[in-house]
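**Student:** Pasted the sequence and its predicted model underneath.
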Amino acid sequence: MLIITKISDIKINIAQLKQQGKTIGFVPTMGALHQGHISLIKLSQQQCNVTVCSIFVNPTQFNNANDLKLYPRTPQNDIEMLQQAGCDILYMPEVDDVYTQTDTRVFDFGYLDTILEGATRPGHFNGVGQVVSILLQGVAPDKAFFGSKDYQQVMVVKQLVKQLQLPVEVVACPILREKDGLAMSSRNVRLNEQQRLEAAAIPEMMKLGNQLLKIYGITETKKYIASVIATIPGITLDYFEVCDAETLMPLTEYKNTIKTVSVIAVFVGNIRLIDNWVVD
Ligand code: AMP
């Protein structure tokens, strides 16, 4: 695996590969890799000739300085995992290679920036827009692979690509979960044993919620989920919403004719976890 730290070197390498007729798949990450990330690498390998992964903890998407400071960083292990997975190129830059000057761009993602993650993490999606646009313009992949675990992020990235008219296909990939259903996340390593046990309640509640909302409706289900979470000492609910899966607009009434997704954000201690389950 080629490890590159300069975007100028990425551009040279990619131009050569494209001249040879190779298609490029790209998996942007913030590192502390787990099998969820590797599943994106595998999908890229199935669909493209060359797979590029990036590891960059993007400061502009953190609206909480402590969250940025505590974000897990495991570069050596990440390199080994990517090598084992057969990734071709790893782009692992320092901040000043990505941001050559302060990025003052402000994107307009419309309502997507004001609901759910947009509402509770002001500026987060603007930071995502900044880094993803720089990475997509630098790597210039044919396809970019994003996890549906960050459901709203996928929608924001699709919008970004449309607005900037970038010639890349955004591929939304399935969520990989631990055996007990907890969505894999780099933040899970910060959970202590007790918190890890409690976090397993999240997917359980989501599955139950998706059954209940068909019987009792969305309002009652939301109240029920909030009341159950209130009984778990280590977990605080940030939000639980039931949304139109196409638009992510929160719904008040369940209709089986509308593709529906439940979305959740909780704090386990001070560790923020998100998840979503499509209602089948
Ligand atoms: P992150 O390093 O958390 O920024 O994630 C990098 C990419 O991996 C994003 O597109 C995430 O949505 C995706 N991802 C994170 N966790 C999972 C998971 N459990 N299953 C599938 N994709 C994931």
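**Tutor:** That came through, no problem.
**Student:** Flag every residue of the stretch 101-250 of the chain that's near the ligand.
**Tutor:** Proximity of the stretch 101-250 of the chain to the ligand (CB under 6 Å from any ligand atom) is limited to residues Phe146, Gly147, Lys149, Asp150, Cys173, Ile175, Leu176, Ala183, Met184, Ser185, Ser186. (C-beta placed from N, C-alpha, C; glycine too.)
**Student:** Quick one: buried ones out of the residues you listed?
**Tutor:** Phe146, Gly147, Lys149, Asp150, Cys173, Ile175, Leu176, Ala183, Met184, Ser185, Ser186 (16 or more other CB atoms under 10 Å).
**Student:** In a markdown table, list the residues you listed along with secondary structure and pLDDT.
**Tutor:** Listed next are these as a markdown table, based on DSSP: H, G, I helix; E, B strand; the rest coil; pLDDT from 0 to 100:
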| residue | secondary structure | pLDDT |
| --- | --- | --- |
| Phe146 | strand | 99 |
| Gly147 | strand | 98 |
| Lys149 | helix | 98 |
| Asp150 | helix | 98 |
| Cys173 | strand | 98 |
| Ile175 | coil | 98 |
| Leu176 | coil | 98 |
| Ala183 | strand | 98 |
| Met184 | coil | 98 |
| Ser185 | coil | 98 |
| Ser186 | helix | 95 |
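**Student:** Which one of the residues you listed is nearest to the ligand?
**Tutor:** Ranked by distance to the ligand (CB to the nearest ligand atom), these are led by Gly147 at 2.3 Å.
**Student:** can you pull out the strands in the stretch 151-280 of the chain?
**Tutor:** 169-173, 235-244, 260-268, 271-278 (DSSP state E, counting those that start in this stretch).
**Student:** ugh, typo on my part, it should be the stretch 1-150 of the chain
**Tutor:** Assigned by DSSP E, counting those that start in this stretch, the strands in the stretch 1-150 of the chain fall at 2-4, 24-29, 50-55, 89-91, 143-147.
**Student:** Minimum distance to Leu17: which of these has it?
**Tutor:** Leu17 sits nearest to strand 50-55 of all the strands of the stretch 1-150 of the chain, at 5.4 Å, using CB to CB.
**Student:** Relative to that closest one, what are the paired strands and their orientations?
**Tutor:** Taking DSSP bridges as the criterion, strand 50-55 sits next to strand 24-29 (parallel), strand 89-91 (parallel) in its sheet.
**Student:** Give me whichever of those strands is most buried.
**Tutor:** Comparing those by mean neighbour count (mean count of other CB atoms under 10 Å), strand 24-29 ranks first with a mean of 26.
**Student:** so how far does stretch 119-128 reach from one end to the other?
**Tutor:** Here the two ends of stretch 119-128 are set 15 Å apart, with distance taken as CA to CA, to the nearest Å.
**Student:** Start the count at 33 instead of 1 going forward.
**Tutor:** I'll keep to 33 as the first residue from here, and by that count the last item is stretch 151-160.
**Student:** tell me the mean pLDDT over that stretch?
**Tutor:** Across stretch 151-160, pLDDT averages out at 96.
**Student:** what's the answer for stretch 227-246, then?
**Tutor:** On average, stretch 227-246 scores 97.
**Student:** Now do that stretch: distance to the chain's middle.
**Tutor:** Taking CA atoms, centre = their mean, to the nearest Å, the mean C-alpha location of stretch 227-246 is offset from the chain mean by 20 Å.
**Student:** Restrict it to CA atoms and write it as CSV.
**Tutor:** Output of stretch 227-246 as CSV, limited to C-alpha atoms (Å, rounded to 0.1, in the frame of the first residue of the first chain):
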residue,chain,number,x,y,z
GLN,A,227,-21.2,1.7,29.2
ARG,A,228,-20.6,-0.9,26.4
LEU,A,229,-23.3,-3.1,28.0
GLU,A,230,-25.7,-0.2,28.3
ALA,A,231,-25.0,0.9,24.7
ALA,A,232,-26.4,-2.5,23.5
ALA,A,233,-29.8,-1.1,24.5
ILE,A,234,-29.7,1.4,21.6
PRO,A,235,-30.3,-1.1,18.7
GLU,A,236,-32.7,-3.1,20.9
MET,A,237,-34.8,0.0,21.4
MET,A,238,-34.7,1.0,17.8
LYS,A,239,-35.9,-2.4,16.7
LEU,A,240,-38.7,-2.3,19.3
GLY,A,241,-39.6,1.3,18.3
ASN,A,242,-39.9,0.3,14.6
GLN,A,243,-42.5,-2.3,15.7
LEU,A,244,-44.3,-0.1,18.1
LEU,A,245,-44.8,2.8,15.7
LYS,A,246,-46.8,0.6,13.4
